[in-house]
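Participant: Give me a model of this one.
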Amino acid sequence: MATILDLLMALNRGDLPPLPRPAPTMPIPLAPVGNLGPLSDDTAAAFAAQNPEPVPPRFVQPAAPDAGFVNQEVGPEPTAPAPLSRGQRIANAIAGFGAGVQGQGAQFLAQLQEPQREYQRQLERYQGRRTEALDRAERRAEREAAQANRIAEAQYERDYGIYLKRLGIRQDEASERTRQAFEVYKLDRQAAEAERKDRVLLRRQIALQIDDRIKAYRDQGADKHSEELARNDFRMALEQAGEKVPPLSAAASKANRLVQAKLQRALRLAQGGGGGSAAATRRETQDLQRRTAQAAAGVTAMEKLARQAMETTREADRVPILNQMRSMAATLQAQFPDLLEVGEHNNWAFARLKPPSAAAPQQQQQPAAQKFSKAAVNEFARKNKRAPEEVEAEIRARGGIVE
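Facilitator: The predicted model follows:
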């Protein structure tokens with residue numbers, strides 16, 4: 001019997017015939033894969049895959065105002081007059097003394113202050129032009145977005161009509177489905193538009209209040225740090241509007257401490273304080289009076305919104321007014337923390353002037369609570385189709401009296 005070694009030696013000889021070529025390999029069938037759809041085009045799934053339902057267009061938001069357009073419309077910002085050198089100040093003092101001797105001191109002082117007043121007038125005109133240019137840029141962006149939305153809506157309506165015709169749906173059913181689809185789309189669009197308008201209104205209100213605060217800081221001598229300090233005062237409102245405010249720089253913090261010291265001195269003068277009264281200047285007193293008038297105007301505006309909310313019959317229309325009152329109260333609190341008392345009672349925001357201290361003379365009096373008769377309350381409730389008890393509760397919540 002041949003061993004394995006004998007077989008290997010026999011195979012190693014060269015006189016063996018050649019081996020045949022191997023047979024060709026057959027293709028291996030692929031494994032079945034799911035979610036490939038039906039193999040026939042006659043099924044409903046295949047037809048739906050070949051004719052997908054059109055996707056509603058995305059609502060185009062208005063773009064941010066074009067900074068280049070605004071800068072081109074407004075022009076360069078006016079330059080503040082250069083500060084006087086020591087020699088110029090000495091020369092002006094000598095000339096002022098001579099003019100005072102001649103009885104022309106007031107005219108000479110007005111002449112010296114004219115460059116600064118002219119700069120303030122130019123700055124106010126510049127701020128006015130910039131606000132108008134921003135409004136025009138926002139309106140142009142809104143028109144462009146509205147046109148893009150109209151084009152997308154018309155295209156979506158055409159595509160949806162073609163889609164329904166391909167499905168072979170009856171005309172009445174197709175019209176109903178189209179109406180329902182567009183009702184949902186328009187509701188979403190109206191909600192987005194209302195939210196955008198609220199943001200635009202909030203930004204405009206903040207911008208106007210920041211402009212007033214910048215003027216107040218400039219009057220107090222903050223100069224180039226006025227805008228930075230004003231934006232820092234409205235940090236919370238700006239962050240709610242989606243704008244990030246950097247922290248105060250060291251120079252701005254120093255300027256803010258000087259301004260707050262001046263305001264405290266003026267406040268002690270108005271309240272009859274002992275140590276600060278002699279050091280308070282006439283300019284600080286005038287600034288306190290101006291800020292008090294601005295705070296009173298803000299309180300009046302809030303009371304006007306409160307009356308408007310009370311006269312509104314629908315609760316859905318009253319909610320935006322109450323939200324606007326809360327926003328205005330927060331702004332007034334940030335702008336006049338030393339003059340106003342701000343709070344909320346029964347979901348109604350309020351703001352009122354702080355009473356003067358007990359040792360100070362009564363320079364300002366709190367407005368008396370508004371009184372309403374029972375007949376007036378009943379007549380108001382009848383006209384607005386509301387319960388008299390509800391109207392009476394709202395009046396008392398706002399600090400009114402029903403007799």
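Participant: neighbours of residue 144, just the number please.
Facilitator: Residues lying near residue 144 (other CB atoms under 10 Å) number 13. For the C-beta atoms, the positions are set from N, CA and C on the backbone; glycine is no exception.
Participant: I meant residue 60, not that one.
Facilitator: Residues lying near residue 60 (other CB under 10 Å) number 17.
Participant: My understanding was that it contacts residue 149; is that so?
Facilitator: Yes - contact between residue 60 and residue 149 holds when scored by CB atoms under 8 Å: they sit 5.3 Å apart.
Participant: anything in contact with each of those two?
Facilitator: Here residue 60 and residue 149 have no joint contacts, going by CB atoms under 8 Å, 6 or more residues apart in numbering.
Participant: Give me the pLDDT for the closest residue to residue 208 other than its chain neighbours.
Facilitator: Nearest residue to residue 208 in three dimensions, chain neighbours excluded: residue 131, at 7.9 Å (CB to CB, 6 or more residues apart in numbering). pLDDT, residue 131: 86.
Participant: Likewise for residue 118?
Facilitator: Residue 118 is given a pLDDT of 87.
Participant: which residues in the stretch 201-350 of the chain form helices?
Facilitator: Along the stretch 201-350 of the chain, counting by DSSP state H, counting those that start in this stretch, helices occupy 226-233, 235-240, 250-270, 282-311, 315-335.
Participant: Quick check: which of the ones you listed is buried the most?
Facilitator: Greatest average neighbour count among the helices of the stretch 201-350 of the chain goes to helix 226-233 (a mean of 20), per mean count of other CB atoms under 10 Å.
Participant: before we move on, the earlier item: what's the residue nearest to residue 208 in contact with, if anything?
Facilitator: Residue 131 neighbours (CB under 8 Å, 6+ apart): 207-208, 211.
Participant: mind checking how far it is from residue 203?
Facilitator: The spacing between residue 131 and residue 203, counted by CB to CB, to the nearest Å, is 12 Å.
Participant: State the helix or strand in which the residue nearest to residue 208 lies.
Facilitator: helix 105-167 (DSSP states H and E).
Participant: so how far is that helix off the chain centroid?
Facilitator: Between the centre of helix 105-167 and the centre of its chain there are 15 Å (CA atoms, centre = their mean, to the nearest Å).
Participant: ok so, going back, out of the contacts of residue 131, which comes closest to residue 112?
Facilitator: Of all the contacts of residue 131, residue 112 sits closest to residue 211, with 27.1 Å by CB to CB.
Participant: ok, for that closest one, nearest residue in space, not its chain neighbours?
Facilitator: residue 127 (5.7 Å).
Participant: So what's the residue count around the one you found?
Facilitator: 17.
Participant: Would you mind confirming that it makes contact with residue 210?
Facilitator: No - counting by CB under 8 Å, residue 127 does not reach residue 210; the two are 10.3 Å apart.
Participant: returning to what we had before: ok, now how distant is the residue nearest to residue 208 from residue 119?
Facilitator: 19 Å.
Participant: next SSE after the worst-scoring helix or strand of the chain on mean pLDDT?
Facilitator: Taking mean pLDDT, DSSP states H and E as the measure, the chain has helix 44-50 as its least confident helix or strand, at a mean of 62. Under the assignment DSSP H and E, the closest C-terminal helix or strand after helix 44-50 is helix 67-74.
Participant: quick one on the thing from earlier: and the contacts of residue 131 as JSON lines, adding pLDDT?
Facilitator: Formatted as JSON lines, those follow (pLDDT from 0 to 100):
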{"residue": "207", "pLDDT": "81"}
{"residue": "208", "pLDDT": "80"}
{"residue": "211", "pLDDT": "82"}
